[in-house]
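K.L.:
Let me see the structure of the following:
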Amino acid sequence: MLKSVWFLAGFLFALALGGLLVVLPTVGSGAGNAPVAAPAEIPAPAEAQPAPSVASAGLHWVRQGGGHPLLGACSRLEIDAAWQIHYGPCDQGTRLAYLSEGELAWYQAYILTLAPFDYRAGAITLAFAGQGSRPASAQEQAALAAWAEGVYTRVMGEEQRANLLAQARLDLMARRGVGIEAIQVLAIEPVRWPDACLGLRQPGVACTRVSTPGYRIILATGGETIEYRADAYGLVRAVAGHPAHLVVPPLAP
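P.N.:
Numbering: from 1, shown residues only. Down below sits the predicted model:
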């Protein structure tokens, strides 16, 4: 009787152990193959958007030849889908600028109204990718080309003034031995000089007597006011040091 009891207990123990050995591999295998629960979803960072391609410009303006100091041998201006201006001489990389509030309103009115067109008149070519349906009249095409030239002249003029002002400030820093923060810009105004010497004539030096577009720059440092003169071609000269009787004022407007 006792043997039977021990036999039965041993049989039940073996049966339980065998079942456990069968179940464990199955659970382990299932845990290895089951997908891991994903953590709370985190939004992926927004990818950086590349700048709109100039090839997709809504307006592409080119002028071969000058007629204005800011218009060199070849000038170009493009406006992309983000209303940004890409501009510069044709043989250089483009710079980036932005339309003024008035320019943007004018341009949007055209691009949302007129159908695409290509325009050519003398040295000027214009490709316009309008989004409207109305064909542009000859007058509207010419007006848009003139507007593009005006925008180009404005942004190039702003760039030029910044460069001329930087030259004048650097010269004054060297003359007075001061830092840039010690120099105050009082004025930079467009003028026409009476000659190619910017009205700063020198004894024995020939000076072409031709009306020359440029700027008068007024700086101040240490309680002193200093005048610089510049032309539209990059020449910057200080008035200080020139004999007063050889300093000629700019032409009357």
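K.L.:
Would you mind listing the outside residues contacting stretch 133-149?
P.N.:
For stretch 133-149, the external contacting residues (C-beta atoms under 8 Å, 6 or more residues apart in numbering) are 59, 61, 63, 71, 77, 103, 106-107, 110, 113-115, 117, 119, 121, 124, 126, 128, 130. (Each C-beta comes from the backbone N, C-alpha and C, glycine too.)
K.L.:
Tell me which stretches of the stretch 51-200 of the chain form helices.
P.N.:
In the stretch 51-200 of the chain, the segments counted as helices under DSSP state H, counting those that start in this stretch are 101-111, 138-176.
K.L.:
between those helices, which gets nearest to Ala232?
P.N.:
Among the helices of the stretch 51-200 of the chain, the nearest to Ala232 by C-beta to C-beta is helix 138-176 (6.8 Å).
K.L.:
re earlier: I'd like the helices of the stretch 51-200 of the chain written out as JSON lines, with mean pLDDT added.
P.N.:
Compiled in JSON lines, the helices of the stretch 51-200 of the chain are given as follows (pLDDT from 0 to 100):
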{"stretch": "helix 101-111", "mean pLDDT": "94"}
{"stretch": "helix 138-176", "mean pLDDT": "95"}
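K.L.:
tell me the most buried of those?
P.N.:
Compared across the helices of the stretch 51-200 of the chain, helix 138-176 shows the largest average neighbour count, a mean of 17 (mean count of other C-beta atoms under 10 Å).
K.L.:
now the angle between helix 101-111 and it, please.
P.N.:
150 degrees (axes from the mean of the first three to the mean of the last three C-alpha atoms, to 10 degrees).
K.L.:
export the helices of the stretch 51-200 of the chain to a markdown table and tack on distance to Asp195?
P.N.:
Shown next, in a markdown table, are the helices of the stretch 51-200 of the chain (distance: least, C-beta to C-beta, whole Å):
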| stretch | distance to Asp195 |
| --- | --- |
| helix 101-111 | 35 |
| helix 138-176 | 18 |
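K.L.:
Go through these and name the closest to Ala187.
P.N.:
With C-beta to C-beta, the closest approach to Ala187 among those belongs to helix 138-176: 10.5 Å.
K.L.:
Need the distance between the two termini of stretch 220-233.
P.N.:
This stretch, stretch 220-233, spans 24 Å end to end (C-alpha to C-alpha, to the nearest Å).
K.L.:
Which of the residues in that stretch are classified as buried?
P.N.:
Within stretch 220-233, the residues scored as buried using 16 or more other C-beta atoms under 10 Å are Thr221, Ile226, Glu227, Tyr228, Arg229, Ala230, Asp231, Ala232.
K.L.:
Pick the one among those closest to Val210.
P.N.:
Asp231 (10.8 Å).
K.L.:
Where does the prediction get shaky in the stretch 1-150 of the chain?
P.N.:
By pLDDT under 70, the weakly predicted segments of the stretch 1-150 of the chain are 1-57, 66-70.
K.L.:
Drop anything exposed from the contacts of stretch 133-149.
P.N.:
Buried subset of these (neighbour count, 16+ other C-beta under 10 Å): 59, 61, 63, 71, 77, 103, 106-107, 110, 114, 119, 124, 126, 128, 130.
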